[in-house]
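Undergrad: Predicted model and sequence follow; I will ask about them next.
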Number of protein chains: 2
Amino acid sequence: MRPTVNDIAREAGVSLATVDRVLNARPGVREKTIRAVNEAIARLGYVRDLTAANLARSRSYRMAVLLPDTESQFVQSLADALIEAGSQAATARIELKLLRFPAEDPHALAALLAGLPGRGYAGVALMAPETPVLRDAVRGLRVRGLPVVALVSDLPNTGRDHFVGIDNRAAGRTAGVLMGRFLGGGPAQVMVIGQSLLARDMIERRRGFDEVMLRDFPAIEVLPSLETHGSERLLRQVVAETLLHAPDVRGIYAMGNGHRSLTQIVEEMGLSGRLTVICHELTPHMRGALEAGTVTAVITQNLGHLARSTLRVLRAKADNLPLDEGQEQIRIEIVLRENLPPAPDSVRQNPAAAA
Amino acid sequence: MRPTVNDIAREAGVSLATVDRVLNARPGVREKTIRAVNEAIARLGYVRDLTAANLARSRSYRMAVLLPDTESQFVQSLADALIEAGSQAATARIELKLLRFPAEDPHALAALLAGLPGRGYAGVALMAPETPVLRDAVRGLRVRGLPVVALVSDLPNTGRDHFVGIDNRAAGRTAGVLMGRFLGGGPAQVMVIGQSLLARDMIERRRGFDEVMLRDFPAIEVLPSLETHGSERLLRQVVAETLLHAPDVRGIYAMGNGHRSLTQIVEEMGLSGRLTVICHELTPHMRGALEAGTVTAVITQNLGHLARSTLRVLRAKADNLPLDEGQEQIRIEIVLRENLPPAPDSVRQNPAAAA
DNA sequence: GACAAAATGAGGTACGTTCCTCAAAAATGC
DNA sequence: GCATTTTTGAGGAACGTACCTCATTTTGTC
C-alpha cells in the first residue's frame, strides 16, 4: 500500500495538520519541523495522490480555445482533436470551451477576448495571425492574470505565455531535404506555393526551405513563391500555366494548408506520381492524395499532441507551475504513403459510458 | 458545476442507491427504472468523475514489464520511458514493476513468468523473442487470468492479448521508399544488415523493404542480408570488405538496433554523408550519427507512446474494457537531421514534489 | 388478498486529500 | 517568570463516488 499523509504524520512524529501545512506550503511551521516532515516523506517515498487532492480541492479549470471560423479541414481536425482532448481532460477537472471567431475580423476577435476574463475562464489558447489589435487584446488578458497560449502560429510580440506548435523553420528545412533528396539533387526547378507571404509561419517555412536548398542542393532552382490568398481559382490558373511552360519543374512545395485544388490540377495534367509534391498537414484530403500517389510527402504535426499539450500548458500556467519543455515540444512528422497512420476514429459518443 | 450522482437521483426521481446500482450494473433494478436513470444521465450530461471513482474503489493495478537484460541503448531508453510512464500513471493507481531477464535464457524467463500471478500482478508486458518455452509460459499466464501484452516484437502464436509496437512490414516499406528515393531510383546496390534473420521483426522489415524495392525501384540491387548475431567485430569486418570491393554500394539499411560500429566504419572509411544510411530506433547514438550526417534517416517509434500505450492496454485488459484501437496504434516516425526532436530530459527526480 | 419475491430507499462508512476552527503547547520577548 | 506570539494538535466537514446493510415499498403469483 502506498503511504498516505497519515503515515507521514506518524513517521515524522507530528500531527496530520502539520503535515498538511508542510505539503501545501502553508505558513506557521518551524523550519526544523518542515525538515522533519520532508525527511519522513523521503523515507517513506510518499507520493501525493493527485486524484484525491484534486477531488478535495474541487478546483476546476475553464479554458477557452479560439479558432477561426474557416471551414478548412485542418482547422476542423484541430477542433475535433481539441474536443477529444477536452473530454479526456475532464478527469483532470478541465472544462474546455471551443469558440470560433470571424477569420478576417481582428476587431471581433479582440472584443471576444476582452469579454473572457469576466466569464470565469482560467486560460485562453488561440490560433490567429498577429495584428496590432490582437497584440493589445492579448496584453490586456495577461494584465488581468489570464495565461495566453498561441496555437499553431506564434504570436511572439504579444507576450503570450507559450507557443504550442512546430518550429516552422525546421519544418521548412525538413521539406527542403526531402525535396532535394527526392529529386536526386537536381538539376530541376521547384515551385513554392503559399496562401500569404505575410503570415509568420509561411515566412519561416520558406526561409527554412531556402536555407537547405541553397546550402545542400545548388543544382535545384527554387522559383519565387506563389501567393494564392486563399483563392483556389488563382492557384489553378497559375500552377497550370507554370507547369505547361516550365518543363524543368519537377517539384512543388505547398507551404500552407488548404490547397485542395493543387492535387486536382496535378492529377488532371497527368502528372500524378511524376512530380515530387510536398505539402503540410495530414488532413483527410491529404491522406487520399498520398494514397493516390499525387502527393509524395506530407509534413505534419500530430493534432492530438497539439491539443493535449495546449491543455497541459494552460493548466500549468494557470497554476503557475513549471512545465516539462521536453514533453511540450511538438514533433515535425514526415508522412509518406508507406507510413500513413490509420485514419483516426470519428469523435466519440456518449462520454458517460466511459468507465 | 458538473452534475453528480445526487443530481441524477433527483432528476430521475429515484434514490442514490438505485442510481449507483444502475451506474455500476448491479442487479436488482427493473428495466424501466434503468431506462429512467439513463435518460436522466443523458439529460444532465452526466460524466462520472473518474478521480473520485478510483479513489472510492481504491483499486490499484500492479503491472509487470519484462525486458531483456541487454544493455543496448534501445532497451535502456525503453526502460526509461516505461519508468517515466509508470510514475505518471501513479495517478491512475497503476504501479509498474520493471523486471529484467537474461536475454539468452528462455527458461529463466519462463520461470519468472510462472511466478508472477501469485505475486499480485494484474497484467504483464514483455519484450522477448517467441520460443516454444515462452509460448507455453504465456499460455499459462492467460489461463490464470493475467492479460499479456507483447512489446516491440510480436508474439502472435502465444495468444497474447495485444501487441504494442509498430507494423514492422510497413516500417520496412518506409525504409524502402526512402532508400529508393534518396538514391534517385538507382542504379545502385544496397546492403542490408540485421542481427538475426530468425527474429520475427527482422523478417518482416526485410519483407517490407524488398516489396518496395522490387516494385518501385528495379534499378536498385538489394544485396543478401548480412547477419551479425550481435557481433560488432563480424559487422565491422564484413561491412568494410563489402564497401571496398563493391563500389556500387550507395546505401545501407540497418534493420536492427545496436549497430554502433556501423557508423564508426562508415566514418573511418571517409564515406560519411556519401552513403545513404537508414537505421532504426532513435537512440542517443543515432542522434549523434544523424547530426554528424553519417546516418541519413532513422525509422523509429516514440518510446513515450509505446510505454503509455502499454500501460493503457494492460489496464483496459485487466478491467476487461474495450480499447481505442486508434489511440493505441504506434506511429512509424521518420527522423532526419532536420526534424530531429530535442533530446528528452533525463529521468525526473523526486516524484513527491509533483503538484 | 395473502404471501413471497423483487425492487427501492435510507443511511452509513470509506477512499486520501484539502481546508477550516479552536484549543493546547511551546517558544520568545521583556 | 509572566505575557505574548508562534507553533502544533485534534477534530471535523467536504469533494464525488463505491459498496454495504437493513428496512420498506412495490410487484407478481395463486
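TA: Happy to help now that I have it.

Undergrad: rest of the way, CA atoms for contacts and neighbours
TA: Will do.

Undergrad: Kindly state the domain boundaries assigned to chain A.
TA: Following the assignment in automatic domain parsing, chain A carries domains at A:5-48, A:59-165+A:304-330, A:168-300.

Undergrad: burial count for the closest residue in space to A:Pro322 that isn't next to it in sequence?
TA: Excluding its sequence neighbours, the residue lying closest to A:Pro322 (C-alpha to C-alpha, 6 or more residues apart in numbering or on different chains) is A:Ala316, at 6.6 Å. For A:Ala316, the count of nearby residues is 16 (other C-alpha atoms under 10 Å in any protein chain shown).

Undergrad: before we move on, what about A:Asn257?
TA: For A:Asn257, the neighbour count with other C-alpha under 10 Å is 19.

Undergrad: Tell me where the stretch 1-150 of chain A is predicted with low confidence.
TA: When the per-residue scores of the stretch 1-150 of chain A are filtered using pLDDT under 70, the ranges that remain are A:90-91, A:118.

Undergrad: how close does A:Val158 sit to A:Gln76?
TA: Check again: residue A:158 is Thr, not Val. 26 Å (C-alpha to C-alpha, to the nearest Å).

Undergrad: ok, those two, which is more surrounded?
TA: More neighbours sit around A:Thr158 than around the other of A:Thr158 and A:Gln76, counting by other C-alpha under 10 Å; the figures are 20 against 16.

Undergrad: where along the stretch 51-200 of chain A do the strands fall?
TA: Secondary structure of the stretch 51-200 of chain A (DSSP state E, counting those that start in this stretch): strands located at A:61-68, A:94-101, A:123-126, A:148-151, A:162-164, A:188-194.

Undergrad: who's in contact with the residue of the stretch 101-250 of chain A at minimum distance from DNA strand C?
TA: Nearest residue of the stretch 101-250 of chain A to DNA strand C: A:Ala122, at 16.0 Å (C-alpha to the nearest atom of the strand). If you count contacts by C-alpha atoms under 8 Å, 6 or more residues apart in numbering or on different chains, A:Ala122 has them with A:Tyr61, A:Arg62, A:Met63, A:Leu146, A:Pro147, A:Ala318.

Undergrad: Could you give me the buried positions within the helix or strand encompassing A:Arg21?
TA: Secondary structure assigned from DSSP states H and E places A:Arg21 in helix A:16-23. Of the residues in helix A:16-23, those buried under the neighbour-count criterion (16 or more other C-alpha atoms under 10 Å in any protein chain shown) are A:Leu16, A:Thr18, A:Val19, A:Asp20, A:Val22, A:Leu23.

Undergrad: Out of those, which comes closest to DNA strand D?
TA: Top of the list for closeness to DNA strand D, among the buried residues of helix A:16-23 and by C-alpha to the nearest atom of the strand, is A:Thr18 at 4.7 Å.

Undergrad: how much space is there between that closest one and B:Arg2?
TA: Per C-alpha to C-alpha, A:Thr18 is found 32 Å from B:Arg2.

Undergrad: Check A:Asp105 too.
TA: 34 Å.

Undergrad: And the helices in the stretch 1-150 of chain A?
TA: Counting by DSSP state H, counting those that start in this stretch, the stretch 1-150 of chain A has helices at residues A:5-12, A:16-23, A:31-44, A:50-57, A:73-89, A:106-115, A:132-143.

Undergrad: got a list of contacts for the fifth one?
TA: It stands for helix A:73-89. Helix A:73-89 is contacted from outside by A:67-68, A:94-96, A:98, A:257-258, A:281-285, A:303-304, A:307-308, A:311, A:347-348, A:351, using C-alpha under 8 Å, 6+ apart.

Undergrad: can you tell me which of these are in strands?
TA: When strands are assigned by DSSP state E, the members of the contacts of helix A:73-89 inside them are A:Leu67, A:Pro68, A:Ile94, A:Glu95, A:Leu96, A:Leu98.

Undergrad: Any idea what the fifth one is bridged to?
TA: For A:Leu96, the beta-bridge partners are A:Met63 (DSSP bridges).

Undergrad: count of residues packed around it?
TA: Using other C-alpha under 10 Å, the number of residues around A:Leu96 comes to 22.

Undergrad: check contacts around it.
TA: When contacts are counted by C-alpha under 8 Å, 6+ apart, A:Leu96 touches A:Arg62, A:Met63, A:Ala64, A:Val65, A:Ile83, A:Gly86.
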